[in-house]
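Peer 1: Okay, sequence plus prediction incoming.
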Amino acid sequence: MLLCPPNAAHDVGEPLAPPEGATPGQRIVVPEDDVPEPKSANQVAKKKIWEGVQPFFKTNDECVATFDGTALAVDGVEGNVACKSLTGASIS
């Protein structure tokens with residue numbers, strides 16, 4: 001899944017980038033939460049999981065992706081998931 005916050009006018013979007021050292025397939029996590037087992041694509045579609053949590057994903061004033069105010073990280077890698085320049089943007 002590509003996560004990309006748009007600007008306020010929704011005419012520019014920037015993909016989120018993992019911290020340096022992350023490799024494809026590593027999970028993005030909210031560090032303070034217990035990391036549950038991932039749901040299958042079918043479970044996500046049937047239960048509309050993304051639609052329920054998406055409003056809580058935003059970038060902060062430092063362009064770091066957050067969930068309910070907590071910075072997103074890659075499991076086992078130092079640093080945070082971020083975009084280049086969009087602050088206060090909803091992530092979709």
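Peer 2: Done, it's in. Residues are numbered from 1 along each chain as shown.
Peer 1: Around the closest residue to residue 2 other than its chain neighbours, how many other residues sit close by?
Peer 2: Sequence neighbours aside, residue 15 is the residue nearest to residue 2 in space, at 5.9 Å (criterion: CB to CB, 6 or more residues apart in numbering). For every residue, glycine as well, the C-beta is placed using N, CA and C. By the criterion of other CB atoms under 10 Å, residue 15 has 10 neighbours.
Peer 1: And residue 55, its phi and psi?
Peer 2: phi -60, psi -20 (degrees, to the nearest 10).
Peer 1: Likewise for residue 38?
Peer 2: phi -70, psi 150.
Peer 1: Return the distance of it relative to residue 8.
Peer 2: 32 Å (CB to CB, to the nearest Å).
Peer 1: With residue 50 instead?
Peer 2: 22 Å.
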